[in-house]
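Q: my questions are about this predicted structure, shown below with the sequence.
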Amino acid sequence: MKRKARCVLMSLIATFAVSLPFFKGSAQNPTPAQKPPASAAPTATPPQEPEDYSDDDVVRITTNLVQVDLVVTDAKGNQVTNLTQDDFEIYEEGRPQPITNFSFVSNEQVPATPSASSRAVRGAPTMPVRIRPETPRHTIAIVIDDLKMSYESVIATRKAVRKFIDERMQPGDLVAIVRTSAGIGVLQQLTSDKAQLYAATERIRRSGDTIAERLAKACQSEFAMSLDTAVDAQSEFEGYSEQAASYGTLGALNFIMRGLKEVPGRKSVVIFSDGFIPCPQNMESEVTVQEQLRRVADLANRASAVVYHIDPRGLIAQGGAADSPGDGGHGTRTMARLSAISNAIYNSQKFFSRVVSETGGFSTYNNNDIPAALQRIVDDQKGYYLIGYRPSDTTFAARKGVAKFTNLKVKVKRSGLTVRTRAGFYNFADSQPGSRPRTREEQLTAGLISPFSGDIDVRLTSLFGNAPTGSFMLSMLHINTAGLTFTLQPDGWQQAIMDVGGLIFDADGQVVEQVNRTQTIRAKGETFERLMKGGLVYSLSVPVKKAGAYQLRIAVRDAASGRVGSANQFIEVPDVLKNRLTLSGIVVHESDVDSTVTGAARNPATLAAGNKDASFEPVGSPALRRFHQNSVLEYDYVIYNASLRAGVPQLLTRISISRGDEHVLDGEEKSLDVAGQTDLKRLNAGGRVLLGERLPPGEYVLKIVVTDQLSKKTATQFINFEIIK
């Protein structure tokens, strides 16, 4: 097939990237796309209240009910899940309370099968999973305390987190990887997209002193105090630095707990930290830190979050490095130094003990098997009991404006079993249910930060591209019109009004672009029928000034009913200016076996520019990436920075298709024909694949590998798609 007419993602998108502002497409002439469910109806529906998920709260602290979660294990650490209400007793301040609420919640899922090729497809995005709040899942916030983390700890943490993503994370699980040095919120990071989590894992790096440096400084300070009863200016400065880092970490945890309160169900917060060394001794700062720890524990309890601590240092040698200076044979000095090191290590390991114990979690330290420690935490989410009672009038009685901690204790009557639960609560009640988002702005904001897909089916496909004016992200947003409310107007047109909000975060969680728009959609006759059958597709382009990892979040609100749907996608933008061989994102679309339509006519930029007469099958659009069996998948992409010899590149291309860890198609390596192309820095490429009977319905990944024969370099790009009957 001749490729001269194929100019996907180059000339048309280059023009489009400059002329189309962020999310300024015409809503009057929507583009038909994916077929929605048969329940779609072009009639008005009465406004509906947004769904209230307050009933999914695990921990409840109100004047009418105190409910806590707990885990019971046997002597081997295995969970016990067959207990009844009669097996438990609950005490408030030592006084037994009648149990009024009791249930067991199971979150157990089938473990993922470790894939030998999982590392090979890490760059591939995953198919969007519509996650509902009531769906059983694991919600885990992995907090990397990189404000004070050694090189060794960074390596151990990366290894453990990668292993968890590879082998234990299930479709639909919500996971966040948050670095305390970045100062970002957990809601912007909760995702089921493994590609995003892999990228976050790569950003785990050392930002503070190594553990050897910290212990040396701390112990020198303690040794000086014990022998000379004085602390010099340098050691005092190091103490303040340690204190400032602890405040930074606790502040980040405070923010994380507040964000997790918006997510229903029981959550796990796993802190990877070397801990902190309270040195030099300062009673006032110690009290302040303990107060901060108390606040974090209370916020975690009210957010239904269980906190765990993993010390990635493993088993720590206390004798110092082999090349460290000796003590000149002074036994007393040696014993004092070893004692100071031992105390410093112990204090650092116990730093988070209050938060951990008061939320029902556990700590792991002096253990070199860090992946196993994380695995134990995941297993702790298999299930939990909920026990509640009605508090007395005195529980929340005012005490001169000072919050009083109320101790709770749960006992199990069977012998040989251990209960882990929350230590108690402070005597002020949570706000009552009913604080659901009401206004337009509140509903859009809730949709943008929520990890759940919502009530309107919204799908998103984002691709990287580059034009002479710079790099950009081209995104195609598909909206299922079944979620919009159309009303018949006096002039015979059907009309719906929708609000659209968008945010783009960089790798550090900073907002680099945003939008807040209202769109009026009008159609009638055949156009309206196509609209209801195919849905809406908007294309938007955002210039990207800096290479890196980005996350795009979009929320759509139906103005009449208040229904909201959202979608998000992670995308890597490479630095094309470094003159490295690079591939754009891949555009895929469906065509008939004997189709002669070229890639230019199927280009998403052409459709988004307002070509209302463009026609294509609702299934097989670039926005949704769904294809029929026995259809033809066409793919297009751009190759940047190919080496030239006598003004001519020498490139080999090859494709493969995989399903899970199975390669179902391995294409032949082919030489790229560049005849007729004028911009040799941006070469158009593509091809066609017949999706025959041997490819059953399911999710697949298309992989493209380009080899530059002159520079001996290769570049790889992925895109996922789905085959349906």
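A: Received, thanks.
Q: those helices in the stretch 601-725 of the chain, which residues are they?
A: For the stretch 601-725 of the chain, applying DSSP state H, counting those that start in this stretch gives helices covering 604-608.
Q: repeat that for the stretch 401-550 of the chain.
A: 440-449, 525-534.
Q: make JSON lines out of those helices and add mean neighbour count, distance to Glu89 and mean pLDDT.
A: The way it works is simple: take the backbone N, C-alpha and C, and place the C-beta from them, glycine included. As requested, the helices of the stretch 401-550 of the chain are exported to JSON lines (neighbours: other Cβ atoms under 10 Å; distance: least, Cβ to Cβ, whole Å; pLDDT from 0 to 100):
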{"stretch": "helix 440-449", "mean neighbour count": "19", "distance to Glu89": "39", "mean pLDDT": "85"}
{"stretch": "helix 525-534", "mean neighbour count": "17", "distance to Glu89": "59", "mean pLDDT": "87"}
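Q: TSV please, covering these and showing distance to Pro98.
A: Below are the helices of the stretch 401-550 of the chain laid out as TSV (distance: least, Cβ to Cβ, whole Å):
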stretch	distance to Pro98
helix 440-449	37
helix 525-534	55
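Q: so for Val564, which of those sits nearest?
A: Closest to Val564 of the helices of the stretch 401-550 of the chain, according to Cβ to Cβ: helix 440-449, at 4.0 Å.
Q: how far does that closest one sit from its chain's centre?
A: 18 Å (Cα atoms, centre = their mean, to the nearest Å).
Q: ditto for stretch 571-586
A: 23 Å.
Q: now do it, average pLDDT.
A: Stretch 571-586 shows a mean pLDDT of 92.
Q: span of it from start to end?
A: Using Cα to Cα, to the nearest Å, one end of stretch 571-586 lies 12 Å from the other.
Q: list the buried ones in that stretch?
A: Across stretch 571-586, burial judged by 16 or more other Cβ atoms under 10 Å covers Ile571, Val573, Pro574, Val576, Leu581, Thr582, Leu583, Ser584, Gly585, Ile586.
Q: list the contacts of that stretch.
A: With contacts defined as Cβ atoms under 8 Å, 6 or more residues apart in numbering, stretch 571-586 is touched by 9, 123, 199, 462-466, 471, 473-474, 544, 546-552, 635-643, 702, 704, 706, 708, 711, 713-719.
Q: isn't Lys681 right next to Ile639, touching?
A: No. Contact criterion Cβ atoms under 8 Å: Lys681 and Ile639 do not qualify, at 9.2 Å.
Q: looking at the buried residues of stretch 571-586, which are in strands?
A: Secondary structure from DSSP state E places Ile571, Val573, Thr582, Leu583 of those in strands.
Q: low-confidence stretches in the stretch 351-500 of the chain?
A: 398-402, 430-437 (pLDDT under 70).
Q: would you show me how to pick out the buried ones of the contacts of stretch 571-586 in ChimeraX?
A: Paste this into ChimeraX to select the buried members of the contacts of stretch 571-586, with burial taken from 16+ other Cβ under 10 Å:
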select :9,199,462,463,464,465,466,471,473,474,544,548,549,550,551,552,635,636,637,638,639,640,641,642,643,702,704,706,708,715,717,718,719
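Q: out of the helices of the stretch 401-550 of the chain, which is closest to Asp673?
A: Set against Asp673 and scored by Cβ to Cβ, those come closest in helix 525-534, at 34.7 Å.
Q: so what secondary structure elements neighbour that closest one?
A: Helices and strands touching helix 525-534, by 3 or more Cβ pairs under 8 Å, 6 or more residues apart in numbering; DSSP states H and E: there are none.
Q: could you point out which element follows the helix or strand of the chain with the lowest mean pLDDT?
A: Among the helices and strands of the chain, helix 11-19 carries the lowest confidence by mean pLDDT, DSSP states H and E, at a mean of 31. Next in sequence after helix 11-19, counting helices and strands by DSSP states H and E, comes strand 60-61.
Q: just the residues contacting that next one, thanks.
A: Taking Cβ under 8 Å, 6+ apart as the rule, strand 60-61 contacts Val66, Gln67, Asn301, Arg302, Gly388, Phe425, Phe428, Ala429, Asp430.
Q: ditto for stretch 491-499
A: By Cβ under 8 Å, 6+ apart, stretch 491-499 touches 42, 440, 444, 479, 481, 484-489, 516-524, 528, 556-560.
Q: repeat that with 6 Å
A: Stretch 491-499 has contacts (Cβ atoms under 6 Å, 6 or more residues apart in numbering) with 42, 440, 444, 484-489, 518-524, 528, 556-559.
Q: which of the residues you listed fall in strands?
A: Thr487, Leu488, Thr518, Gln519, Thr520, Ile521, Arg522, Ala523, Val556, Arg557, Asp558.
Q: among these, which ones are buried?
A: Buried, going by 16+ other Cβ under 10 Å: Gln519, Ile521, Arg522, Ala523, Val556, Arg557, Asp558, out of the ones in strands among the contacts of stretch 491-499.
Q: with respect to Leu250, which of the residues you listed is nearest?
A: Using Cβ to Cβ, these come closest to Leu250 at Arg557, 35.9 Å.
Q: of all the helices of the stretch 401-550 of the chain, which lies closest to Val648?
A: helix 525-534 (43.0 Å).
Q: got the end-to-end distance for stretch 476-485?
A: 22 Å.
Q: ok, stretch 137-148 next?
A: 32 Å.
Q: report the mean confidence score over it.
A: If you average the pLDDT values across stretch 137-148, you get 84.
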